[in-house]
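In: here's a sequence, model it:
(one chain, ligands or ions: 2)
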Amino acid sequence: MNISESKRLFSEAQNYIPGGVNSPVRAFKAVGGDPLFIKRANGAFLYDENDNEYIEMINSWGPMILGHNHPLIREAVIKAMESGTSFGAPTAKEVQIAELITSMVPSVEKVRMVNSGTEATMSAIRLARGYTGRDKFIKMEGHYHGHGDSFLISAGSGAMTMGNPDSPGVTKGTARDTLLAPYNDLEAIRNLVEANKGEIAALILEPVPGNMGLCIPKDGYLEGLREICTQEGIILIFDEVMTGFRLSKGGAQELFGVTPDMTTLGKIIGGGLPVGAYGGKKEIMDFVSPSGPVYQAGTLSGNPIAMSAGMAILNELNENSEIYKELDEIGSKVAEGIKKINSDLGFDYTVNQLGSMYSLFFSSKEVNNFDDAKKADVGLFGQYFQAMLHRGIYLAPSQFESLFLSKALSTDLIDKILTSHEESVKEIHS
Ligand SMILES: Cc1ncc(COP(=O)(O)O)c(C=O)c1O
Ligand SMILES: NCC(=O)CCC(=O)O
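Out: Numbering: from 1, shown residues only. Ligands and ions are numbered 1, 2, ... in the order given. Okay, here's the model as predicted:
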């Protein structure tokens, strides 16, 4: 495979951009080799600067659920561009998208648009603190909520991949108010709540975490969290930046039938443009400025181009109810195929899958939380990643990520993924 252009660009990039990338997860630090520089993408495929073609398994870390360069989104963006790119004043599109989001996501009665998932979670925690008058909040070990200071403690995703789950630069004072708990363990939450009675503003979690590799909530876990939070006056926040509009049109909360007080959204909501949002109960959301005292703002928030892309993708997901059935089938075919190949070859690696998200852990133990995930063999993952890449399959370059499949994956492409998987597993064990 000739990747000379990517190599040249990466070498040049390192002179001007820290580590040569604008987000750490894009570097291939944990898997070796140089990151690919992407020139274009279409449907199920990415093309690098040397015109090599790859089947997409990350899809821009989630947003491209319909596949790349989808005509509905492309046309909406082009049309919006003709009327100007930003006004810094209210628009009809913001009203339309807010109405649509509140109709799709069960917990969201009012919503504020921001520019990223990070902004959404930072704003949600500030609001929960302002609303309750309490300072502390509970975060799960290995969950990732963007790069806000108070979340970079036992953080998953790139923070973990790069070996910095507790980032320098976060003050001790900030870290003190972030209480940590293991995922999937209700007893740990009860103990934490008891030890900090009346002091906890919020409990935030990825209801189906993808940032330590994909884990699935145990039966009754989300319901249990809901009960504890209601009893203790703690605001339950589902961070659905990954799972929102992906696991169902109403996200994990709709799939599991558990309604949080607040929800944070990102990724799919912008159809590939930079958008995030936070929303929830009216009385909580009305505590945000200018209707309430908690300040949060944004020059480009609700940007008309981004809102048009968001409307295009959300309308399609809302109106075409077959999409989630198709995505579930795609996810199951890939995950079941991988499990069967592994078992035929005599390997009992763990595969966690839900809908169009999955992770293959190089561990024979069940993976239900951060400690389980850390037992996976990251060296073997790195070899597998490279073997797949050389066969034209583009995976997330870390064991501690979920993969995101798109509707553009045809049966032929799934067969190609599975054949490549079989060859790759054989190769790394030869
Ligand atoms: C669950 C979750 N929350 C928040 C974020 C932060 O979003 P962004 O990268 O858009 O800031 C991410 C991903 O990055 C995420 O997966
Ligand atoms: N799990 C990691 C992400 O989803 C975010 C990608 C990024 O930080 O660039």
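In: so which residue of the stretch 151-300 of the chain comes closest to ligand 1?
Out: V241 (3.5 Å; C-beta to the nearest ligand atom). (Glycine included, C-beta is placed from N, CA and C.)
In: wait, isn't that residue in contact with T263?
Out: No - V241 lies out of contact with T263 (C-beta atoms under 8 Å); the separation is 9.6 Å.
In: assumed F245 was part of a strand.
Out: No - judged by DSSP: H, G, I helix; E, B strand; the rest coil, F245 forms no part of a strand; its state is coil.
In: could you count how many residues lie near the nearest residue to F137 once chain neighbours are set aside?
Out: Leaving out its chain neighbours, the residue that sits closest to F137 by C-beta to C-beta, 6 or more residues apart in numbering is A202, at 4.3 Å. By the criterion of other C-beta atoms under 10 Å, A202 has 24 neighbours.
In: ok but A202 is inside a helix, no?
Out: No - judged by three-state DSSP, A202 forms no part of a helix; its state is strand.
In: contacting residues around the one residue in the stretch 201-350 of the chain that gets nearest to ligand 2?
Out: Nearest to ligand 2 in the stretch 201-350 of the chain, going by C-beta to the nearest ligand atom, is N211, at a distance of 4.8 Å. Neighbouring residues of N211 by C-beta atoms under 8 Å, 6 or more residues apart in numbering: G142, H143, Y144, A155, G156, S157, M160, M242, F400, E401, S402.
In: check the gap between it and P90 for me.
Out: 34 Å (C-beta to C-beta, to the nearest Å).
In: S116 too?
Out: Counting by C-beta to C-beta - S116 and P90 are separated by 21 Å.
In: of these two, who's got more company?
Out: S116 (18 against 9).
In: what are the phi and psi values at the nearest residue to that one once chain neighbours are set aside?
Out: Distances taken as C-beta to C-beta, 6+ apart put G276 closest to S116, at 4.8 Å, once the chain neighbours are dropped. Dihedral angles of G276 (phi, psi; degrees, to the nearest 10) stand at phi -140, psi 170.
In: mind listing what G276 touches?
Out: 113-120, 241, 264-266, 269-270.
In: which of these fall in strands?
Out: Taking DSSP state E, the ones among these that sit in strands are M113, V114, T264, L265.
In: so the third one bridges to which residues?
Out: Read that as T264. On the basis of DSSP bridges, T264 is bridged to D239, Y278.
In: please renumber the chain so that the first residue is 37 from this point on.
Out: Got it, the first residue is 37 from now on, which makes the last one we talked about T300.
In: counting neighbours, what do you get for the closest residue in space to M140 that isn't next to it in sequence?
Out: Of all residues not flanking M140 in the chain, K285 sits nearest, at 5.2 Å (C-beta to C-beta, 6+ apart). When counting by other C-beta under 10 Å, one arrives at 20 neighbours for K285.
In: pretty sure K285 sits against N354.
Out: Yes - judged on C-beta under 8 Å, K285 makes contact with N354 at a distance of 5.8 Å.
In: what touches both of these two?
Out: With C-beta under 8 Å, 6+ apart, K285 and N354 have common neighbours M140.
In: quick check: the residue of the stretch 337-466 of the chain nearest ligand 2.
Out: E437 (5.1 Å).
In: that residue: neighbour count?
Out: Neighbour tally, E437, other C-beta under 10 Å: 26.
In: and it, what's its pLDDT?
Out: What the model reports for E437 is a pLDDT of 97.
In: residues touching it, list them.
Out: V61, I94, S193, T197, G246, N247, G249, S395.
In: what of G120?
Out: Contacts of G120 (C-beta under 8 Å, 6+ apart): P340.
In: in what helix or strand does it lie?
Out: G120 belongs to no helix or strand when assigned by DSSP states H and E.
In: how close does it get to ligand 2?
Out: Separation of G120 from ligand 2 (C-beta to the nearest ligand atom, to the nearest Å): 29 Å.
In: which parts of the chain sit against ligand 1?
Out: Residues of the chain found near ligand 1 (C-beta under 6 Å from any ligand atom) are 152-154, 157, 180-182, 242, 247, 275, 277-278, 302, 312.
In: let me know the helix or strand that S139 is in.
Out: Element membership for S139, per DSSP H and E: helix 128-140.
In: how about low-confidence regions in this protein?
Out: Across the chain, nothing is flagged by pLDDT under 70.
In: closest residue of it to ligand 1?
Out: G153 (2.2 Å).
In: close to ligand 2: what parts of the stretch 87-236 of the chain are there?
Out: So the stretch 87-236 of the chain meets ligand 2 at W97, Y180, S193, G194 (C-beta under 6 Å from any ligand atom).
In: neighbour-wise, which of these leads?
Out: Y180 (31 neighbours).
In: which residues are in contact with it?
Out: Taking C-beta under 8 Å, 6+ apart, one finds F187, A191, G192, S193, G194, A195, E242, N247 in contact with Y180.
In: picking that back up, sec struct for the residue nearest to M140, please.
Out: Secondary structure, three-state DSSP: K285 is coil.
In: shouldn't A49 be in contact with V57?
Out: Yes - taking C-beta under 8 Å as the definition, A49 is a contact partner of V57 at 7.2 Å.
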